[in-house]
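> no FASTA, just this:
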């Protein structure tokens, strides 16, 4: 059996998209359902793939088939390819299975030569029209197929306009056009080194090869890389009889959406031009008219378009983006595809279509992409504004922000607290910058990756951030910076777009988020189908409140160390760390106890009815002290400046402690439950604070508060056993002291590989597991997150050693394997074990899908990701069923 | 059915050791095979366990059984317990299943009271003897059972000696003894608050309870903790008719080994005393005679002893340690057990017994403990010398060393290179101390654990080391230190024993290692049964040579970074690191190439016939630079001292680079194959050096050299694929350049959890796997080795949160699970995959056993551990069969 390379439109359909490409499949489908499509055929993507396999040669048999199909087209239309009467002209268009700009442009009017231009003249009785068609064809073909610079043709055209002293191309005389065509022939010969092909079949062959070649041009390759499209799909080629929108005032051409792609409103939306070919719309010489005007200008065609739009929407059950041409009042459809739309439109359209009965709720939920939900939650840069991008960084935390540049957190705090709008601009951020971030509209850094400190903190707070902006050069000492080519100083206004990573000089127009009716409705439908619970990571009552508003059904991770970082507490925390004896340490802890109790009181109260999973202190203690390098240099300076002995002694003491606490690899050092084992009094204070807060709430009648105590960094069952015993003991003490019979629930993080490997043992002492996939990823890969992104991960991603950043998208083959093992082992010991995830991955749709498959009970993510996770969880349930 | 608590000796046997304890089982076994054992019975360990279960009460039924057995004993012997004629006296001895010093001492002559002392007199017609027996019994009972201080009794005895003006106890008169006995009664009443019990059954009950109690005395608990003996085994109590070695010149008592426990020579070895009870031998008042003298003094008994020894050895097939008493010429056996012996004796005895046909080779291999082999390889402190230990640290690297104290590596190098013997004493060691360690006899540090830098390096070099010696206080600036109570200064001589952790002031006598005939023979037999190959970790030709001598069949890990550390190379390495461009870097690498080539040339030549697995550069580059803190302080100092601008600029440049290379967690940062991906030129140079060395050797006729290239820190198959491609390409280039057709073999370390989890993918690009269990343990536990030991691991071991230090003994439940997964996955892709281990665990017997079970092909360890690993591998094969 010989391979079939070419398909008539009437042979194909949407189901053949991989072979026919998107454009070809659309044309075939429209043909199949009886819509007016000019006849034609599609050369399959297989032919393109084969073309490359054979070292860029047309596969054998292909050309025979094409010739047959041209013959067939001649028969169908009664026209003759290259004929001097009633000539058949065709358009040649590329069309891959996945829409892909950057591939070859359309070639119109192919088939024109010295004979057929006469034929066209005879047919239309319009020499100017015929010559103009030829001129356009030669220009497109010369540029796209023969690679002659576009400007060469424009130059000849301009010269002719000048000679005739006219302003527009269509004013050029017939004689002038002839001269232009001669000029085109010359320039092709000179620049491309060949005669302009006269034979239509030769023209077609060259055009087809040019399409195939464009699959691997640089723009296409880059586009595929960015959009993660496989390199081996190939493109199809569509060859279609020309129809002409430029045959007078009863002709025209246009593009149209079946609904408003900005708002989703149910109305025809688009533009058209009378007496024009497609390229005129694009070229922008004449201003197209809104489609609504067609109702007056070409009422019959308008009605026909409305009918076609309705048929297509009914057929595709989605909003369509169509191209059409009207030739002497007859409508021809040249393309249809699902229309691109804004997030708001996507959501609105999905909602409407349910209302209209076109699709059901599940389908509506499927239609909305999680990232569309994300975009809805933040102010964005107005998509209609024409703006100049000054520089681009990583889109670390979505949303747009405008403010005056400040270079340090103190200034940010000072101005921000007065209500001024500032953007904190730093090389990178550190924990000490926190107050600045709180008061800033957004954050811009020159260093760092998607999971650097600034990114994580900003996402947690739902604050726009652009990080790793390499074109940002800071000169903080002198209060100035260069962004791209612009020099700015403190106080200058900039705008950042955390959704795209764009940085703008000055103020750009923003659009407000709209999380109204349709948004809520879609998410409600998502909740109806999802199986996974969605909780939030929140450390403050404000975060908890926001999380609840966004639909979180609990706090999956409440970190207690951020409470230690607050300005009024840090001195007490340092006192606790510097303590020489257990007694001294307990004295400091006694001061912290009421503060922590209040923290928990507020959060539990906000979240009543839902569980609040509180993680005991996790980071190494030296994080609360200055760095040894900083202290050592300070000491050296003080000595040289003969500072008072007492002050020197104080710094020496701190340096000594910082040195003692110093670790080669703090991430894997004395932190988490290891602290709880070595200094039980710290965890004991925290447990007491949690239970005292709970008892207080119980006493006040809030008996539906549900604290859970989570022990971090467990790697061995015994660690959990000991800490659990302590927590339960303290809980029972507080019960006795207060007479309140609140629940005592203890569980653990699974974030150490060994915890996953021995989850059966660990589950003996845990009522719940929560996967800390940040640390689990660090240790499973042996990547220090703080180092990896800056040092080598970007290279790994560029070189495709890793497909995704594993700190953003959960690595299924490694980390995921451990997660699955832990779920199985844990439930083998305790079938009712509650299992969730609280790493950054909890808000990533692909990772949420994995959590669904792995049988987790819930995901927990930052408040702003909660709606995204709800939708992603629904998608997972729709795709995989109720695992 | 009621529980049986008490067993006659004749009822039991060796198979009942868990119930009867070691001593009881031995007595029963001897009784069973017809040896002369005084009759008696054993109260089982179960009774002791039950005693504790019931809150320290004798279990019900026990005392009835004891009374019955005393009655039975009276019937058997015709004596009467507490009888005033022919009285039955018994000894009471504790005896756990596992030999355990620290438990209750023996009580002899129990049953004596005012009646039976008369009976004893009547029976022996010797009032002094009878009273002396009573005095001894009261003293033992008073001390051990009633808890009256030993000195109280000695005081009374001394007073009586004084009164009678005699020197020895046995010179005290009958009247004097009566006064002493009265004195004993008084002191017991006064100190213990009770009358000394007269009723023999009461005495027995109290003694039995005292034995049970002694199971949980402090000494016993500590001993069990140190020796990892479970706390719930309980002890048995042996009650046996007294026989008397102190009944005149035809009586005596002694202890004897069936072979020489120091050398293993086949000769009776032991001591005896004529006319004495057991305690006299221990007390050391009279000097016992060597057993050989008995041949003249008691020839018949000597022959009888010889006969018994032969029977017992034949029966137990092992060297025995026996206690005996001779009463009026009749020999009674009181104990037999496997004799403790030195490592040398253990090996020699095993060899001999094969020669004698007592055991087969496999049994001989089983008999020798891996640690005995280890001890044989090093000089040791003379076990016969009486020495005062100044301080104790961790026994980090076995062997004893003597030398003058030096406090820094330069001094060590300076003196050591002149042939002077020095001990390097430091708070801890760092890579820069390497030259000092090379020239020192041994290393002593005040900080660090069993796997700190000093420990690892010293073990690698087979150099004695004691680390973490807390009683060592250094004042390096003033060139002095305090060790325990002694103050020492630079140049003072000390001795260290790396096998025990002991530190001595001055020179102690050493014994040389003996790795002659028996040692080699045992290891050869071990090789015959083992399945695992044993290779060595070696980085220098010297190490490789030693490894070969110790029986290594290959180098499993040849680290290339140590070659970078050498003094003549470090400047070039820094040049390479500081390079601004790839060209600059390549220029520095070009200088390193011939040096590396020579390194590989020498090692490959030494190991010809065997594989040499060479690991490409592994550590992060900043390890080759000074620390940022050091540089920052230096810079501050230089500025204050107005140093020349050029010098300041140089330091600034280095600091900048050190900062750039600085990582929060270098262990998980830019190292291993990540370097190879980012700067391929480094690995390329190394690959070229390996292959050029190989080609040179091939050209010289050494065509049996077998280099293997090992890529470290792979976590994703693609990393290996890329590096492998590079190595193969370079190998093929060198083949072409040299015309030598050497093999190109590439494999990888499995040291990242993700590598184990995705081993099926990784095996596609690897001809071998080598488990780097050091890093794998770090990441599986989330323990930074550099931090964990100093910061929390000691607490985890003390609190038994972990049973073993996972850096010493491979953690089977976590790390082991990953190893097993990786073996299965790897072989599923490539059934002939060669799999080994090259972490520190490769020389640990328990870990070697695991490697056997997991189906690995070989283990690789430091040269000095090779014989240990060979034996351990044989043990594993004998225990588990040929997996």
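It's in. Just so it is clear, the structure is predicted and the values come from calculations on it, not from any experiment.
> If the closest residue in space to residue A:274 that isn't next to it in sequence is in a bridge, with which residues?
In space, and not counting its chain neighbours, residue A:274 is closest to residue A:252: 4.4 Å by CB to CB, 6 or more residues apart in numbering or on different chains. Bear in mind the C-beta positions are built from the backbone N, C-alpha and C, glycine included. Counting by DSSP bridges, residue A:252 is bridged to residue A:274, residue A:326.
> Let me see the contact set for residue A:252.
A:245, A:272, A:273, A:274, A:275, A:276, A:298, A:301, A:325, A:326 (CB atoms under 8 Å, 6 or more residues apart in numbering or on different chains).
> Check those against chain B and report the nearest one.
If you rank these by distance to chain B using CB to the nearest CB, residue A:325 comes first, at 48.8 Å.
> contacting residues for the closest one?
A:243, A:244, A:245, A:251, A:252, A:253, A:277, A:278, A:331, A:332, A:334.
> could you redo the last one with a cut-off of 10 Å?
A:38, A:91, A:242-247, A:251-254, A:272, A:276-278, A:331-334 (CB atoms under 10 Å, 6 or more residues apart in numbering or on different chains).
> Mind checking which of those are in strands?
A:91, A:252, A:253, A:254, A:272, A:331, A:332, A:333, A:334 (DSSP state E).
> And the furthest pair within the residues you listed?
A:91 and A:272 (18.2 Å; CB to CB).
> higher neighbour count, these two?
residue A:272 (26 against 23; other CB atoms under 10 Å in any protein chain shown).
> quick one: the strands in the stretch 151-300 of chain A?
Here the stretch 151-300 of chain A has its strands, by DSSP state E, counting those that start in this stretch, at A:235-241, A:252-257, A:269-274, A:289-290.
> Give me the distance between the third one and the centre of its chain.
Computed by CA atoms, centre = their mean, to the nearest Å, the chain-centroid distance of strand A:269-274 equals 31 Å.
> and it, which residues are buried?
A:269, A:270, A:271, A:272, A:273, A:274 (16 or more other CB atoms under 10 Å in any protein chain shown).
> of all those residues, which comes closest to residue B:467?
For the buried residues of strand A:269-274, the nearest to residue B:467 is residue A:269 (77.9 Å; CB to CB).
> In the stretch 551-700 of chain A, where is pLDDT below threshold?
Filtered on pLDDT under 70, the stretch 551-700 of chain A yields no residues whatsoever.
> Write out the residues of it neighbouring chain B.
Contacts of the stretch 551-700 of chain A with chain B, taken as CB under 10 Å from any CB of the partner chain, map to A:620, A:627-637, A:639-641, A:659-675, A:677-678.
> PyMOL command for the buried members of those residues?
Filtering these down to the buried ones (16+ other CB under 10 Å) takes a single PyMOL command:
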select buried, chain A and resi 620+627+628+629+631+632+633+634+635+636+661+662+663+665+666+667+668+669+670+671+672+673+674+675+677
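> Now, the residues of the stretch 551-700 of chain A next to chain B that are in strands?
Counting by DSSP E, these contribute nothing to strands.
> on that earlier part again, now the strands of the stretch 151-300 of chain A as CSV including mean pLDDT?
Converted to CSV, these look like this (pLDDT from 0 to 100):
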stretch, mean pLDDT
strand A:235-241, 96
strand A:252-257, 91
strand A:269-274, 89
strand A:289-290, 88
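> Go through those and name the closest to residue B:64.
strand A:235-241 (98.6 Å).
> For the closest one, which strands pair with it and how are they oriented?
strand A:40-43 (antiparallel), strand A:90-96 (antiparallel).
> Quick check: next helix or strand after the shortest one?
This points to strand A:40-43. Going down the chain from strand A:40-43, the next helix or strand is helix A:45-53, by DSSP states H and E.
> quick revisit: of all the strands of the stretch 151-300 of chain A, which lies closest to residue A:308?
strand A:252-257 (9.3 Å).
> what's the distance between the residue lying closest to residue A:817 once chain neighbours are set aside and residue B:832?
Nearest residue to residue A:817 in three dimensions, chain neighbours excluded: residue B:757, at 4.8 Å (CB to CB, 6+ apart). Using CB to CB, to the nearest Å, residue B:757 is found at 22 Å from residue B:832.
> And residue A:231, by the same measure?
34 Å.
> go on, residue A:675?
Look at residue A:675 and residue B:832: by CB to CB, they are 47 Å apart.
> same check, this time on residue A:66
52 Å.
> higher neighbour count, the two?
residue A:66 (22 against 7).
> check contacts around that one.
A:5, A:6, A:41, A:43, A:47, A:58, A:201, A:204, A:205, A:208, A:237, A:239.
> Now name the helix or strand holding it.
Going by DSSP H and E, residue A:66 is part of helix A:62-77.
> Toward the C-terminus from that helix, list the very next helix or strand.
strand A:80-81.
> Show me what that following strand is in contact with.
A:67, A:70-71, A:73-74, A:86-90, A:110-111, A:115-116, A:119, A:199-201, A:203-204.
> OK, contacts around the closest residue to residue A:789 other than its chain neighbours?
The shortest distance from residue A:789 to any residue other than its chain neighbours is 3.0 Å, reached at residue A:449 (CB to CB, 6+ apart). For residue A:449, the residues meeting the contact criterion (CB under 10 Å, 6+ apart) are A:394, A:396, A:455, A:467-468, A:785-786, A:788-791, A:793-794, A:797, A:805, A:807-808.
> Produce a PyMOL select command limited to the buried residues of those residues.
Burial among the contacts of residue A:449 is assessed by 16+ other CB under 10 Å; the matching PyMOL selection reads:
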select buried, chain A and resi 394+396+455+467+468+785+786+788+789+790+791+793+794+805+807+808
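> So which of the contacts of residue A:449 belong to strands?
A:394, A:396, A:467.
> Distance of the second one relative to residue B:669?
Put plainly, it is residue A:396. In terms of CB to CB, residue A:396 sits 22 Å off from residue B:669.
> now swap in residue A:159 and tell me
63 Å.
> next one: residue A:655
25 Å.
> Equivalent analysis for residue A:615, please.
On the measure of CB to CB, residue A:615 and residue B:669 end up 26 Å apart.
> swap in residue A:334?
56 Å.
> swap in residue A:786?
For residue A:786 relative to residue B:669 (CB to CB), the value is 9 Å.
> got any residues that touch both of these two?
residue B:663.
> What residues are bridge-paired with residue A:710?
Residues in beta-bridge contact with residue A:710 (DSSP bridges): residue A:615, residue A:747.
> distance from the centroid: which residue in chain A tops it?
Within chain A, the residue lying farthest from the chain centre (CA atoms, centre = their mean) is residue A:645, at 56.9 Å.
> Please name the residues that touch that residue.
Per CB under 10 Å, 6+ apart, neighbours of residue A:645: A:638, A:652.
> what's the nearest residue to residue A:474 if we skip its chain neighbours?
residue A:481 (4.8 Å).
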